[in-house]
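[1] Quick one, what's the 3D model for this:
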Amino acid sequence: MAWLMENAGRAVARAVRARIAPCRTLVLCGPGNNGGDGYVAARHLAQAGWPVAVAAFAPPQGEAAAAAARWHGPVVPFAAGEAARASLVIDAVFGAGLARDVAGPVAEVLRAASRIVAVDVPSGLDGATGAMRGYAPQAVLTVTFFRRKPGHLLLPGRTLCGETVLADIGIPDAVLQAAAPRALHNQPALWRLPCPAPEDHKYARGHVTVLGGARMTGAARLAAVAARRGGAGMVTIAAEDGGDIYRTGEPGTIVDGRPVAELLLDARRNAWVCGPGLGIEAARAALPLLLASGRAAVVDADALAACAGTPERLRGAAVLTPHAGEFSRVFGPPGDNRLAAARDAAAKTGAVVLLKGADTIIAAPDGRAAINDTAPPWLATAGSGDTLAGLIAALLAQGMAPWPAACAAAWLHGRAAVHAGPHLIAEDLAPALPHAFRDAMT
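    So this is what the prediction gives:
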């Protein structure tokens, strides 16, 4: 619709004027609707007194042609020299639905620009995956409309977009509801944290059991303390071997040396963490018992390694938490489309798959997926994944379903890292969780 294009172009011009002083500006326009938005943005900037020229990659089509007809300012060649002379280049060549790689003249012109503002996405960025199609430029600002696309949140797209502005151009909320998107931005509106009732006791708040190995005892301890901070009423480290080592740890953590099969007889043990520091052979023995029991199991680390190349052995798990290497060993390399790979893994196993990274993806077996962007770079430290596994288990123990529990835990985990600050170590995360919980409830 012409009025949507008018609103979109006006929004681009408004966002530019709010952040950048008037300067020599070149608007690069493609043949489709993205280019149409560019023609409108050029007109509004020129009306505000900016020195603006337009360069068309190809003749405009459809509604873009009508928008181009209303541009009466300078038109210059679509050439690298013109882009190099401009102080600002507005990239309105291709939008999020790009179906081909960007190369040749388009790439050359974009490379010549010293400062770029992108319309919808930088040209060459796949809006569905966040991957580059050929070449995509680094933008200082991206203005998009209606709702963000996965490519605005997934890497490297999130970085290439620079500051991302989501502009309201008048599309009613009912359109989004009718579209029923299956990829969502992970935010507290997606989930509801458990709230203890006045009459609750420790067992009502769930009992998390973390399987602990005899060698890398720190991993199980990190998961256990996170489960306690996450609200579980009771947390046990189950350690047939090395129990004495665990008993010298935090006083609030219970240590039990009985076999897993015996511990599973207690129905109150409703959430389990299997993998962190456990050892591959121990994980290979314990995991089938857990999955057959029907208890909510968070499977990580050594338990994932025990299922390398055999993802069917993970059926029955509640949540899988692989990083990229573990994912590759179990399911095969995710490739450029990590969102599709996580969804496929969730469908194969029937478990929620939390594919860890700076752009963590949480995929459910029914196709729902959330993209988390709360993690700061300093969260990339040994032991942070163990903390995440324990936090997920705490939320499962308190009655949250696997997908919202994994979404909430990923968000809280990232926010805790923000509160802990740069140079954190994994031990800093659990004490920062109360601050993250407060963020989620405000």
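[2] switch to C-alpha atoms for all contacts and neighbour counts from now on
    Will do.
[3] Can you report how many residues neighbour the closest residue to R182 other than its chain neighbours?
    In this structure, R182 finds its nearest non-sequential neighbour in R368, 4.8 Å apart by CA to CA, 6 or more residues apart in numbering. R368: 16 surrounding residues under other CA atoms under 10 Å.
[4] okay, R368: pLDDT?
    Predicted confidence (pLDDT) at R368: the value is 97.
[5] Verify the stated contact: it with A183.
    Yes: assessed by CA atoms under 8 Å, R368 is found in contact with A183 at 6.2 Å.
[6] follow-up on the earlier one: who's in contact with the residue nearest to R182?
    For R368, the contacting residues are R182, A183, L184, R343, by CA atoms under 8 Å, 6 or more residues apart in numbering.
[7] Select from the residues you listed the one having the most neighbours.
    Greatest neighbour count in these, by other CA under 10 Å, goes to R343: 23 neighbours.
[8] In space, what's closest to it - neighbours in sequence excluded?
    R343 sits nearest to A363 (CA to CA, 6+ apart), 5.2 Å away.
[9] how about that neighbour, what does it touch?
    With contacts defined as CA under 8 Å, 6+ apart, the neighbours of A363 are L339, A342, R343, A346, V352, V353, L354, A369, A370, W403.
[10] Can you show me the helices along the stretch 1-150 of the chain?
    Using DSSP state H, counting those that start in this stretch, the helices of the stretch 1-150 of the chain run over 2-19, 33-47, 63-69, 80-85, 104-112, 150-153.
[11] Serialize the ones you listed to TSV and add fields for distance to E240 and mean neighbour count.
    Output for the helices of the stretch 1-150 of the chain, formatted as TSV (distance: least, CA to CA, whole Å; neighbours: other CA atoms under 10 Å):
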stretch	distance to E240	mean neighbour count
helix 2-19	61	19
helix 33-47	62	26
helix 63-69	69	19
helix 80-85	68	18
helix 104-112	60	18
helix 150-153	43	25
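[12] what's the model's confidence in stretch 267-274, averaged?
    Mean predicted lDDT for stretch 267-274 stands at 97.
[13] Now the terminal residues of that stretch, how far apart.
    17 Å (CA to CA, to the nearest Å).
[14] Mind checking the helices of the stretch 1-150 of the chain for the one nearest to A56?
    Among these, the nearest to A56 by CA to CA is helix 33-47 (8.2 Å).
[15] for that closest one, packing partners?
    helix 2-19, strand 25-29, strand 52-56, helix 63-69, strand 88-92, strand 116-119 (3 or more CA pairs under 8 Å, 6 or more residues apart in numbering; DSSP states H and E).
[16] So what pairs up with the residue nearest to R343 in the strands?
    Beta-bridge partners recorded for A363 (DSSP bridges): V353, A369.
[17] Please parse the protein into its domains.
    Following automatic domain parsing, one finds the domains of the chain at 2-181, 188-441.
[18] Quote the end-to-end distance of the last one.
    So the one you mean is domain 188-441. End to end - CA to CA - domain 188-441 spans 8 Å.
[19] right, and the helix or strand after the helix or strand bottoming out on mean pLDDT in the chain?
    Using mean pLDDT, DSSP states H and E, helix 173-179 stands out as the lowest-scoring helix or strand of the chain, at a mean of 64. As assigned by DSSP states H and E, the chain's next helix or strand after helix 173-179 is strand 183-185.
[20] strands paired with that next one, and their directions?
    By DSSP bridges, strand 183-185 pairs with strand 369-371 (parallel).
[21] From P404, how far out is A370?
    For A370 relative to P404 (CA to CA), the value is 10 Å.
[22] How about G383?
    G383 is 23 Å from P404, by CA to CA.
[23] ok, now A347?
    17 Å.
[24] Then T360?
    On the measure of CA to CA, T360 and P404 end up 14 Å apart.
[25] Ok, A358 next?
    Taking CA to CA, one finds A358 at 19 Å from P404.
[26] Comparing those two, which residue is more hemmed in?
    Neighbour totals were compared for A358 and P404, and P404 leads with 23 against 20 (other CA under 10 Å).
[27] with the contacts of A363 in mind, which one is nearest to P322?
    Closest to P322, out of all of the contacts of A363 and judged by CA to CA, is L354, at 6.6 Å.
[28] was I right about the closest one contacting A369?
    No: if you go by CA under 8 Å, L354 and A369 don't touch, sitting 9.5 Å apart.
[29] just for the stretch 1-150 of the chain, where's the confidence low?
    For the stretch 1-150 of the chain, the stretches flagged by pLDDT under 70 are 1.
[30] let's go with 90 and repeat that
    For the stretch 1-150 of the chain, applying pLDDT under 90 flags the ranges 1-3, 96-100, 146-147.
[31] Next secondary structure after the helix or strand hosting L396?
    Assigned by DSSP H and E, L396 belongs to helix 384-397. Downstream of helix 384-397, the first helix or strand assigned by DSSP H and E is helix 402-420.
[32] So which elements touch the next helix or strand after that following helix?
    Note on helix 402-420: by DSSP H and E, the next helix or strand toward the C-terminus is helix 429-441. The contact analysis (3+ CA pairs under 8 Å, 6+ apart) places helix 429-441 against helix 217-229, helix 384-397, helix 402-420.
[33] Just name the most buried of those helices.
    helix 384-397 (a mean of 31; mean count of other CA atoms under 10 Å).
[34] for that one, the distance to its chain's centre please.
    Helix 384-397 has its average C-alpha position 17 Å from the chain's average C-alpha position, going by CA atoms, centre = their mean, to the nearest Å.
[35] What's the end-to-end length of stretch 299-313?
    11 Å.
[36] can you pull the buried residues of that stretch?
    By neighbour count on 16 or more other CA atoms under 10 Å, the buried set for stretch 299-313 is V299, D300, A301, D302, A303, L304, A305, A306, C307, A308, P311, R313.
[37] Okay, and which of those map to helices?
    A301, D302, A303, L304, A305 (DSSP state H).
[38] Pipe those residues into a markdown table and attach distance to I237 and pLDDT per row.
    Below are those laid out as a markdown table (distance: CA to CA, whole Å; pLDDT from 0 to 100):
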| residue | distance to I237 | pLDDT |
| --- | --- | --- |
| A301 | 16 | 97 |
| D302 | 16 | 98 |
| A303 | 16 | 98 |
| L304 | 19 | 98 |
| A305 | 21 | 98 |
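[39] State the pair within those residues that is farthest apart.
    Pairwise over these, using CA to CA, the maximum falls at A301 and A305, 6.4 Å.
[40] Spit out the residues that contact these two alike.
    Joint contacts of A301 and A305 (CA under 8 Å, 6+ apart) are E326.
[41] gap between G81 and A408?
    From G81 across to A408, the span is 49 Å (CA to CA).
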